[in-house]
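S.K.: Output the structure for:
(chains A, B, C and D, ligands or ions: 4)
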Amino acid sequence: MTSSRPALRMRDISKQFPGVRALSGVSLTVRFGTVHAIVGENGAGKSTLMKILSGTYQPTAGSIEIDGAEVRMHNPADGQKLGIRMVHQELNLVPDLTVAENVFLGRMPTRRGMLDRGEMVRNAARVLKELGTVIDPNCRLGDLTISQQQLVEIAKAYAAAPRIIVLDEPTSSLSEHEAGILFGVLRKMRDAGIAIIYISHRLREVLDIADEVTVLRDGAMIETRPVAGITAADMIRLMVGRDVSDLFPKAEAVIGSPVLEVENLSDGEHFAGVSFDVRAGEIVGLTGLVGAGRTEVARAIFGLSKRTAGTIRMRGQTVAPKSPADAMRAGIAYVPEDRKGDGIVPGMSVRENIGLPIIRSLTRMGWIKDSDEKQLAKHYAKRFSIVPPDPERRISTLSGGNQQKAVLAKWLAAKPALLILDEPTRGVDVGAKSDIHAIVGELVAEGIAVLMISSELPEVLAVCDRVVVMHEGNAAKPLMRDELSEEKIMALATGEGVQ
Amino acid sequence: MNALSFALRYRVGFILLATLLLASILVPGFFSLVTLGLGLDRAATMGLIAIGLTVLLISGQIDLSGGAVFAVSGIVSIILQPTLGIGLAALVGVLTGAAAGMINGWLVVRLGINSLVATLASMLAFRSIAHWITESQPVSGIDMMFSLAISEIYLEIFTLRSALFLVAIILLHFWLVYTVPGRNLFAVGSSAMAAEASGINSNRIFFSGFVFASTLAGVAGVLQALTMNTGSPVFGSDLTVMVIAAVVVGGTRIEGGRGSALGTLGGILTIASLTTAMEFQSVPAYIQQIVAGCILMLLVVLDRTIRTRPLTGPEVPASR
Amino acid sequence: MTIVSEVARQPEPADRFSRANRTLEIFARGGLPFIIVAVMVFGALSSPVFLTTGNFLNVLTSMSIVGIVVVAMTYVLVVGGLADLSVPATIACGAILSLALQPTFGTGGAFAVAVLVAGATGLINGLLIGYARVNAIIVTLGMGTIILGIVQALVGGVIVYGADASSGDFVKSRLFGIPMVVIIFIVVAIIGHLILSRTFWGRWTTATGGNYSAAEASAVPVRAVKAGAFVFTGIASGISGGLLGLTLQAARPMVGTGYEFSAITAVVVGGVSIIGGFGSVPRAIAGLIFVQLLTNVMVLQGVRTPVQGLALGILIAGAVASDLALRRRGVVS
Amino acid sequence: KTVCYVTAADSHAYATPANKALEARAAELGITILSLSQNFDAQTGTDQLNTCIARRVDGIILWPLDPQAYIPGLARAKQANIPSILINSPMAEQANAFIKSFTGPDVYEEGKMAADSLSKALNNEGAVVIIAGQAGNGTTIGRVGGFTDRLKEAGSKIEVLDTVNADFDQQKALVASRDLITRFGDKITGVYSNDDTMARGFIDAWKEANPGKPTPPIVGINGQKDAFESIRSGEMYSTIVQSPVEDGKLAINTMNDILSGKDVGARLPIPLTVVTKENVESVEPAF
Ligand SMILES: Nc1ncnc2c1ncn2[C@@H]1O[C@H](COP(=O)(O)OP(=O)(O)OP(=O)(O)O)[C@@H](O)[C@H]1O
Ligand SMILES: Nc1ncnc2c1ncn2[C@@H]1O[C@H](COP(=O)(O)OP(=O)(O)OP(=O)(O)O)[C@@H](O)[C@H]1O
Ligand SMILES: [Mg+2]
Ligand SMILES: [Mg+2]
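M.R.: Ligands and ions are numbered 1, 2, ... in the order given. Just a heads-up that it's a prediction; the model follows:
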């Protein structure tokens, strides 16, 4: 395989943003017909490197060769002309167009000067089917769930029949099932001679699909190696610079009385008759396939979206939160799945973000007590080892993992009795993931109840005491820790399991 | 439920129907061809500007300078008449509009100024230029008979302007729905970043949008100046706001990504027939204002309910 | 929990995260004051009367009425409410009612009622924008038309005169040589600034403008906060209108024409983002001062009105563009 | 008979009483008035003329806001055999072919009268500022033109320091006056304001800048109640009374004459009276 022609060569690429040197002297060679993985911690510079390759950013220094010829790209259109397509980490789709229009955005087919809608819809439907999904190509994109949108994003790159395809964390919001189909497609593309660059924090996937792996750390290239003969532990050592032993530590905690009891909760649309409870010191997992309605359940409990039936009890008291403020008063905290959209206020500092939910308790007669707020932020920055440790930095300049820690901190500052975590480790690097698990472990040890939504089965299996599996808006009876297995969860999630 | 959502989707049509119905009851002979023709002619000036603005709003930009460009173009087309003749002067007037659009586009695309701010500034500047070149006096053209000729009514109902407007709006409809650039316009307005990442040159679209909008404002201004045989620096000062209202009433979203030509037609016709009907009743201008304001509010509130209806769930993050 | 320390990494290499270019940062933050100083130097050199107390008092007095609206408009922009176009109508409301109601309620009472009614208008705007989530431009435009229509219908277009000429004396009086309107403006500005920068309400306002959903998910009462900004502009325009009425002792429905544009211009020239989530009252006031001084210098130079408009348009675009460029380069965004 | 009345606005200090007077008189004469308000937008007015023609009214009374813009419309009215007259404001000469008459104050004459009055107050020398109405507005053009032409004609030594537009708005006049006072200070020995509202703005600015100091002679136009007060108290030198009621009545009376087949004069002015301290008690204010 290494004998094939290099599809691209990036030499000594550096990129300077105001205040951040994202890349310094990174070189990368990828051959046609191979899958090349790039791994590294949050903020290591993976996305930046790929955005340079696809023409979104221009490098501060360095050169790029595509198929042997040196090129200079000024915008994504230039990259696309060279046959480079990128699936962005953040969804890059147009919510107001249809799925088909999105798939063919920038290169819609025409007939006699007019848009050939029939052709476009047929092709889109075909591509989506090859990716193993049934999304109506005429549906408005904005009406899809994130994971469906993620699939459309992949379909868009795939449909363009590129020579080089870059996938930046494509599976972060896909279920294992969908990821499996994607891998099948990727293998087919590889065998057809396409160069594939694959970025993921899920090292298992890297081992599964990649031929070669390049490790980035702090904007510098550490090493490129064939995947054959490398282990996850090796990769982590290269990424972090030292060993990280237990990836999914299970914290031991004393399980107490029920904190949250949900009975027959319905919203008349996404889920119906959901019942479960979470006890003090317990981590209850909420899992299922994409679109099963987990996020909706969490948002309903937190007062962010409507409920039509059912009761919620917190510490024995019936509550009916109509807004997050109500929910917070009842002792509920919610770390949302969409960090960028619902989690952070990008223009504010880490301190201001952490203080936001409880800002009123940091005031005297409406006046914010600066020192209290600073102290709070410092405390959590230290406790969660947020990097860089300066709480005055604008939160949008932090890497994803560190943003996630700040969001977690923000809600812990509210001293909740129940913490709902929606995909808390999505798109977060191994180190930060381990940090987050450790923090959750500490919390349950302090007696907090945790409801954790996660699509990553290994994570669910490792940290949860009980697991509720949802399938198309219905929740099965919780599985106890000793009866947990991937097979059992998958069976329930796909609707084949018997209650 | 379905009937309701149908009614909500085509709300402009319904409001227009209701207005026409009311008008026909209140105003004797409202449906006579002459009256309709006049109403249409009145709608045409606003309509031409509205066409440009529909395109701009869909692309996610806004242009407040339309009224000022309208005045400047009209003035140019009048004061150049003695030297260039009517036809050529009119052409230069329209080109002036295009040039103004280039300035707007340059401010927004090159300098990166928010379009609301940029066109606020250019509106001030263009309006001042209009006052400057005319010394704040209205200017008149060389041939009044030409004015009469150009506002001639054909086929009992169309004037040159209103025919132009109707043709333009139909072309716009096809362009928006059935061509690739039309679809790209929606893409850019809905998410410029995503469009850019798909190889669409959003800056070029924005720039062309501004040029298009100002050119149409120029056309409207020139036609108006020719029919009145006058160019004046104060013309068109209330126009922009009215036109924005009409476009938005037609269902075009002010944040971009959504809109339609037929909606704009509906919005324009509603406002035109409303004013005509109320005027026929000698309703004082301030009452007309109250009614127009209420209708505007009613439509946008309806718009809001229809849009929140299917989206009870969380707003989809990618749409931000 | 030992794992935390086990995986805790060394802080990233210090040189990777540097502060942005210092000088640029200073320019980015202080760009406008710098430009203002430049205008003042130019004014002082070009006109002998520019640096007189009288002239400064003039500029201050002229900007005070619109300044009160500017303070409130800052909130509207910061909260992500685009703009309040109903200002002219609410100003008219304030001016006309504070004069017309004098016989019934007395000077103070009429003023209070006028401000309350203006505030109520703002509340309707706020409810529609914050709670029904209708586009702010359209709501305020529509409300403005309706209110102005009602006001015109009420007074029938005739000028309303003050019932008691002495009721304007307080507004025209001076404290330590400073006109009362200026003092009122400064008080409003200070209160507005402190609330926006130092209280929880201000924090909520910035957060709501910065990321609506995130603020909502952080237990911020986003709807109320958004509505609040419009109530504030309603009240501020009411005060402005009332002061205007008392100063002039006469009011017409059109008194407020153009104030919305002046206010928005000042706020955006001050570099407050129209998208929301960023901005402060001092910035907006700096924008106001810039525009006012510029106009003043031009007037003192005898520049003709049309040319003034042209220059103003160009300078606004220029100021905003350079502010943007500096900020883009100076501070990580 | 039905007469179309295209008025400047229906909510305005001067226009409202004029409209009322016109309509009241029309009712007496048994004429139906179809009143259309341009709301100060000439473009609306040109469209409204077309509406009037389409409704085949018997006559048109137009309050022009622009000296030319209505000419094609008036020509069309003439083609349709509908007689038109102008009220209040003049139009360009080309319009004369299409109108039967122009009734209303002679704004150019007003400018001249103001010039005479101010010359008298200043003994033909000094330096004055002009606070003009809206740029491009026919009334403004006439009132400023008449004033400056008259000064030139009379070979007056009065110098015009500056002319500023304050759009007939008191607040704008106040702001503009502050700047004028700062700029010229004591050089200002007289003021001509295109209307009394703006004169009020100057007075306020003057009192602000020079508390206790008497105002220079100020000449206004319109003859508003508060201007009368100011003349009494000496803050203003004179104003010119132009009655909106007369204005409205004269127009409809003239139209009535035309409709009943009588010949009417091409220019029918309404009486104008210069009011100073001498006669302020004997004259009725306009509004
Ligand atoms: N547009 C930008 N402006 C300023 N700094 C940026 C920008 N984009 C990225 N950075 C910074 O560059 C560094 C590298 O970011 P990048 O997104 O490439 O990391 P990554 O390896 O993709 O991380 P993740 O795994 O979280 O996606 C980070 O410190 C980030 O904060
Ligand atoms: N914004 C939306 N508009 C319309 N339907 C939506 C929206 N968001 C979610 N849905 C629908 O709601 C259902 C549940 O979605 P939800 O996001 O709660 O699932 P989930 O289990 O959390 O999956 P994931 O988070 O992995 O996407 C799905 O059927 C989805 O189609
Ligand atoms: Mg990344
Ligand atoms: Mg989810």
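
S.K.: quick one, domains of chain A?
M.R.: Domain assignment for chain A by automatic domain parsing gives A:6-240, A:258-493.

S.K.: can I get the ones you listed in TSV with distance to D:G145, mean pLDDT and mean neighbour count?
M.R.: The C-beta positions use only the backbone N, C-alpha and C, and glycine is treated the same way. What follows is those, written out as TSV (distance: least, Cβ to Cβ, whole Å; pLDDT from 0 to 100; neighbours: other Cβ atoms under 10 Å in any protein chain shown):
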stretch	distance to D:G145	mean pLDDT	mean neighbour count
domain A:6-240	56	87	20
domain A:258-493	56	88	21
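
S.K.: Could you save those as JSON lines and add columns showing distance to ligand 2?
M.R.: Converted to JSON lines, the domains of chain A look like this (distance: least, Cβ to the nearest ligand atom, whole Å):
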{"stretch": "domain A:6-240", "distance to ligand 2": "4"}
{"stretch": "domain A:258-493", "distance to ligand 2": "3"}
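
S.K.: need these in TSV with distance to B:V177, can you?
M.R.: As requested, the domains of chain A are arranged in TSV below (distance: least, Cβ to Cβ, whole Å):
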stretch	distance to B:V177
domain A:6-240	8
domain A:258-493	30
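
S.K.: Quick one, which of those domains gets closest to D:N88.
M.R.: domain A:6-240 (52.1 Å; Cβ to Cβ).

S.K.: still on that earlier bit, minimum distance to ligand 4: which of the domains of chain A has it?
M.R.: domain A:258-493 (3.0 Å; Cβ to the ion).

S.K.: any bit of the closest one sitting next to ligand 4?
M.R.: Yes: for domain A:258-493 and ligand 4, the contact criterion (Cβ under 5 Å from the ion) is met by A:T295, A:E337.

S.K.: what sits against the residue nearest in space to the middle of chain C?
M.R.: Closest residue to the average C-alpha location of chain C: C:V70 at 1.2 Å, with Cα atoms, centre = their mean. Neighbour list for C:V70: C:A263, C:A266, C:V267, C:A284, C:I285, C:G287, C:L288 [criterion: Cβ atoms under 8 Å, 6 or more residues apart in numbering or on different chains].

S.K.: Mind picking the two most distant members of these?
M.R.: Across those, no pair lies farther apart than C:A263 and C:I285, at 11.2 Å, counting by Cβ to Cβ.

S.K.: Need the three-state assignment for A:P388.
M.R.: Under DSSP: H, G, I helix; E, B strand; the rest coil, A:P388 falls in the coil class.

S.K.: what's the nearest residue to the closest residue to ligand 1 within the stretch 301-450 of chain A if we skip its chain neighbours?
M.R.: The nearest approach of the stretch 301-450 of chain A to ligand 1 comes at A:G400, 3.5 Å away (Cβ to the nearest ligand atom). In space, and not counting its chain neighbours, A:G400 is closest to A:N42: 4.7 Å by Cβ to Cβ, 6 or more residues apart in numbering or on different chains.

S.K.: Can you list the residue ranges for strands in chain B?
M.R.: Secondary structure of chain B (DSSP state E): strands at B:139-140, B:230-231.

S.K.: now those as a markdown table including mean pLDDT and distance to C:F185?
M.R.: Shown next, in a markdown table, are the strands of chain B (pLDDT from 0 to 100; distance: least, Cβ to Cβ, whole Å):
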| stretch | mean pLDDT | distance to C:F185 |
| --- | --- | --- |
| strand B:139-140 | 84 | 42 |
| strand B:230-231 | 88 | 41 |
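
S.K.: Buried deepest among those strands, which one?
M.R.: Of all these, strand B:230-231 carries the top mean neighbour count, a mean of 30, counting by mean count of other Cβ atoms under 10 Å in any protein chain shown.

S.K.: Say whether chain C is contacted by that one.
M.R.: No: Strand B:230-231 lies out of reach of chain C by Cβ under 8 Å from any Cβ of the partner chain, never closer than 14.9 Å.

S.K.: hmm, who's touching that strand?
M.R.: With Cβ under 8 Å, 6+ apart as the test, strand B:230-231 has contacts from B:71, B:74-79, B:134, B:138-141, B:225, D:66, D:68-69, D:71.

S.K.: 6 Å - rerun?
M.R.: The contact list for strand B:230-231 (Cβ atoms under 6 Å, 6 or more residues apart in numbering or on different chains) reads B:G74, B:I75, B:I78, B:P138, B:V139, B:S140, B:A225, D:Q68, D:A69.

S.K.: hmm, back to that, indicate which one of the domains of chain A is closest to B:Y286.
M.R.: Distance to B:Y286, taken as Cβ to Cβ, is lowest for domain A:6-240 among the domains of chain A, at 38.0 Å.

S.K.: now the end-to-end length of the closest one.
M.R.: With Cα to Cα, to the nearest Å applied, domain A:6-240 spans 29 Å between its terminal residues.

S.K.: Format the strands of chain B as TSV; extra columns: distance to A:M314.
M.R.: What follows is the strands of chain B, written out as TSV (distance: least, Cβ to Cβ, whole Å):
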stretch	distance to A:M314
strand B:139-140	75
strand B:230-231	71
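
S.K.: Nearest to ligand 1 among the ones you listed would be which one?
M.R.: Judged by Cβ to the nearest ligand atom, the one of the strands of chain B that comes nearest to ligand 1 is strand B:230-231, at 48.6 Å.

S.K.: gap between that closest one and the chain center?
M.R.: Centroid separation for strand B:230-231 versus its chain: 20 Å, with Cα atoms, centre = their mean, to the nearest Å.

S.K.: Can you give the strand pairings for it, parallel or anti for each?
M.R.: Paired neighbours of strand B:230-231 in the sheet (DSSP bridges): strand B:139-140 (antiparallel).

S.K.: Let me see the residues that make contact with the partner strand.
M.R.: Identification of contacts with strand B:139-140 by Cβ under 6 Å, 6+ apart yields B:I78, B:I79, B:N229, B:T230, B:G231, D:Q68.

S.K.: List just the nearest of these to B:Q61.
M.R.: For the contacts of strand B:139-140, the residue nearest B:Q61 by Cβ to Cβ is B:G231; the value is 27.5 Å.

S.K.: just so I have it, where are all the helices in the stretch 201-350 of chain A?
M.R.: Secondary structure of the stretch 201-350 of chain A (DSSP state H, counting those that start in this stretch): helices located at A:203-209, A:232-240, A:294-301, A:324-329, A:350-355.

S.K.: hmm, the second one in reach of ligand 1?
M.R.: When you say that, I think you mean helix A:232-240. No: if you take Cβ under 6 Å from any ligand atom as the test, helix A:232-240 misses ligand 1, and the best it gets is 10.4 Å.

S.K.: quick one: contacts of that helix?
M.R.: Residues contacting helix A:232-240 (Cβ under 6 Å, 6+ apart): A:V39, A:G40, A:E41, A:L203, A:V215, A:I222, A:E223, A:D243, A:V244, A:V430, A:G431.

S.K.: would a markdown table of the residues you listed with distance to ligand 3 be doable?
M.R.: Listed next are the contacts of helix A:232-240 as a markdown table, based on distance: Cβ to the ion, whole Å:
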| residue | distance to ligand 3 |
| --- | --- |
| A:V39 | 11 |
| A:G40 | 9 |
| A:E41 | 10 |
| A:L203 | 16 |
| A:V215 | 14 |
| A:I222 | 17 |
| A:E223 | 19 |
| A:D243 | 24 |
| A:V244 | 20 |
| A:V430 | 14 |
| A:G431 | 15 |
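
S.K.: wait, which of the residues you listed is closest to B:I86?
M.R.: Taking Cβ to Cβ as the measure, B:I86 lies nearest A:G40 of these, at 69.5 Å.

S.K.: For stretch D:33-42, what is the spacing between the initial and final residues?
M.R.: Stretch D:33-42 has its terminal residues 20 Å apart, counting by Cα to Cα.

S.K.: Name the residues of that stretch that are buried.
M.R.: Under the neighbour-count criterion of 16 or more other Cβ atoms under 10 Å in any protein chain shown, stretch D:33-42 has D:I33, D:L34, D:S35, D:L36, D:S37, D:Q38, D:N39, D:F40, D:D41, D:A42 buried.
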